[in-house]
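> I would like to see how this sequence folds:
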Amino acid sequence: MKLKLTALALACGFATTTSAQELGTITQDKVTQIVSTLSADDMEGRASFTPGIDKAAKFIQSEFQRIGLQPIPGEDDLLQSFGMYRVAPVEKEAKLNKSKIQPEHIFAITDKKELEWKHKGKQKVMKIGEDDDFRNVLRALKNEQEDVLVLVHPKHQEIFERYQHYMGQGSVKKELGDGNSKVFILTDQLSPKKYSIEIENKIEQLQLTNVAGMIEGKRKNEYVVFSGHYDHIGIQTPVDGDSIANGADDDAAGTTAMMLLAEYYKKQAQPERTLLFVAFTAEEMGGFGSKHFSEQLNPDQIVAMFNIEMVGKPSKFGPNSAYLTGFERSNLGQLMQQRLEGTTYSIHPDPYPEQNLFYRSDNATLARLGVPAHTISSVQIDQDKTYHTVNDELEQLNMEHLTNMIRAIALASEGVVNGEDTPTRVDKSQVK
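All right, here's what the predicted structure looks like:
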């Protein structure tokens, strides 16, 4: 045992007040056990509104209970449930210049039960051309106030089909009202003189659930959040007979890290600040879990958020390294780096700014409210071939790296947890 602890001390550089023995409680065996359970086939890809995600929630809840976490402020249970609406297509018909469009080449983002559009100038028409960035246009459309018909060039067929599949399972809305609608059509007719569209949807009221627990600190109303999303994309088109998108890296790995950090901090003396550990639901469907969570607390009382996503594979910076999205938006990353000085661990600025990762995970909701909320990740997203596929399996993960990432976050977060470090706030006016 002494040899193992000595080796760990050398690996960590031992530059903080955290002892090697304490970090040694974060074991690779335990990491493997948790991430294996969350990414197993019997979780069925953990898609929202499925038995698989319910099973995952119960497992995380049982682990939180075993660890000894308490419900977060305002809750009387570790399960933070809330109602949503799912709008699922029943029938889709469209014509451009009298040419009928195949249903699989249509999807809509709407909260309406029925849509019936004809070319009378009432809908704005936009194009996603051959050289346009599909995701950038989609993000821009979030701020659009009018009904929009979006014509998508066939070059974007792969990403179009991905979105069409998601929307086919049902889009999720917090409220139903008089919001605008967007209809996307995959076509080479980007300047039609006439169009007609008819869409019929089924509307269901369903439930989503975050799993959230707390270790109360001496400063009860100063919160530090550790989080990861436990949902994924469920059952997909079979590839070599495999249809389950297990989501091992996205984000069973991050959820596992959050759970192991909860157990780690529970074994320490009472923290200075109150620690909140949250497994978010419905990140893949629009971040609804983190949005609901953010509405239950005063964001001014949240000192920092360590959101953890896709940390199961080594980063481009080498072993024991990760990056922080939105690094320049607060000094949380710098504070983390200072805590890791003298160790083999390192945190770097996000090397993929063109991917807009700061806005693509659950940190974004709290960052928009001024919280120093960032995502820790190590995935080489520009090269990763398993992202959102059935190949995101346990065998793709590097368990030694994942274990070291959890230990690194434990070291890097220590100053914020013990009240010695207070990161600067995010400028809300600079967050879109």
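
> next, count neighbours for K120.
Using other C-beta atoms under 10 Å, the number of residues around K120 comes to 6. No exception for glycine: its C-beta is placed from N, CA and C like everyone else's.

> likewise E198?
For E198, using other C-beta under 10 Å, the count is 14.

> beta-bridge partners for it, please?
The partner list for E198 in beta bridges (DSSP bridges) reads E93, E116.

> list the contacts of it.
By C-beta atoms under 8 Å, 6 or more residues apart in numbering, the residues touching E198 are E91, K92, E93, A94, E114, L115, E116, W117.

> quick one: pLDDT of it?
E198 carries a pLDDT value of 96.

> look up how far E91 lies from it.
7 Å (C-beta to C-beta, to the nearest Å).

> again, but for S99
S99 is 19 Å from E91, by C-beta to C-beta.

> so T344 makes contact with G318?
No - with contact defined as C-beta atoms under 8 Å, T344 does not reach G318; the gap is 9.7 Å.

> list the buried residues of whichever strand or helix holds M259.
Element membership for M259 (DSSP states H and E) is helix 254-266. Within helix 254-266, the residues that count as buried by 16 or more other C-beta atoms under 10 Å are 254-266.

> who does it touch, helix- and strand-wise?
Applying 3 or more C-beta pairs under 8 Å, 6 or more residues apart in numbering; DSSP states H and E, one finds that helix 254-266 contacts helix 28-38, helix 51-67, strand 195-215, strand 219-229, strand 273-280, strand 302-308, helix 399-412.

> and the helices in the protein?
Counting by DSSP state H, one finds helices in the chain at the ranges 2-12, 20-23, 28-38, 51-67, 134-141, 157-168, 254-266, 288-295, 332-340, 363-367, 399-412, 414-417.

> hmm, back to that, neighbour count for T344 and G318, which is higher?
T344 (15 against 10).

> the domain parsing of this structure - what is it?
12-70+216-430, 86-204 (automatic domain parsing).

> ok, of the ones you listed, where does mean pLDDT dip lowest?
Across those, the lowest-scoring stretch is domain 86-204, with a mean of 91.

> and the end-to-end length of it?
This stretch, domain 86-204, spans 5 Å end to end (C-alpha to C-alpha, to the nearest Å).

> off-centre distance for it?
24 Å (C-alpha atoms, centre = their mean, to the nearest Å).

> how about stretch 321-341?
19 Å.

> just the buried positions in it, please.
Neighbour counts over stretch 321-341 (16+ other C-beta under 10 Å) mark 321-327, 329-337, 339-340 as buried.

> next one: stretch 123-139
If you call a residue buried by 16+ other C-beta under 10 Å, then stretch 123-139 has these buried ones: Q123, M126, I128, F134, V137, L138.

> now, the most widely separated pair of the residues you listed?
Q123 and F134 (19.9 Å; C-beta to C-beta).

> picking that back up, which one of the contacts of E198 sits in the busiest neighbourhood?
K92 (24 neighbours).

> pretty sure it is touching E114, no?
No - if you go by C-beta under 8 Å, K92 and E114 don't touch, sitting 11.5 Å apart.

> list residues touching both of these two?
Applying C-beta under 8 Å, 6+ apart, one finds that K92 and E114 are jointly contacted by E198, I199, E200.

> Q355: which of those is nearest?
Using C-beta to C-beta, the shared contacts of K92 and E114 come closest to Q355 at I199, 31.4 Å.

> Serialize the buried residues of stretch 123-139 to TSV and add fields for distance to G24.
Listed next are those as TSV, based on distance: C-beta to C-beta, whole Å:
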residue	distance to G24
Q123	61
M126	56
I128	52
F134	46
V137	49
L138	45
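
> and L402, what is it in contact with?
By C-beta under 8 Å, 6+ apart, the contact set of L402 is V31, V35, A253, T256, A257, V311, G312.

> most surrounded residue in the residues you listed?
Neighbour-wise, the contacts of L402 (other C-beta under 10 Å) top out at A253, 36 neighbours.

> so which bits of stretch 342-359 are buried?
T343, Y345, S346, I347, H348, D350, P351, L357, F358, Y359.

> ok, stretch 212-232 next?
212-217, 222-232.

> and what of stretch 101-112?
For stretch 101-112, by 16+ other C-beta under 10 Å, it's I101, H105, I106, F107, A108, I109, T110, D111, K112.

> could I get the residues you listed in a markdown table, plus columns for distance to D77?
Converted to a markdown table, these look like this (distance: C-beta to C-beta, whole Å):
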| residue | distance to D77 |
| --- | --- |
| I101 | 47 |
| H105 | 44 |
| I106 | 41 |
| F107 | 36 |
| A108 | 36 |
| I109 | 32 |
| T110 | 33 |
| D111 | 29 |
| K112 | 34 |
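
> distance to N391 added to the helices of the chain, as JSON lines?
Output for those, formatted as JSON lines (distance: least, C-beta to C-beta, whole Å):
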{"stretch": "helix 2-12", "distance to N391": "31"}
{"stretch": "helix 20-23", "distance to N391": "32"}
{"stretch": "helix 28-38", "distance to N391": "16"}
{"stretch": "helix 51-67", "distance to N391": "18"}
{"stretch": "helix 134-141", "distance to N391": "21"}
{"stretch": "helix 157-168", "distance to N391": "15"}
{"stretch": "helix 254-266", "distance to N391": "18"}
{"stretch": "helix 288-295", "distance to N391": "25"}
{"stretch": "helix 332-340", "distance to N391": "31"}
{"stretch": "helix 363-367", "distance to N391": "26"}
{"stretch": "helix 399-412", "distance to N391": "18"}
{"stretch": "helix 414-417", "distance to N391": "36"}
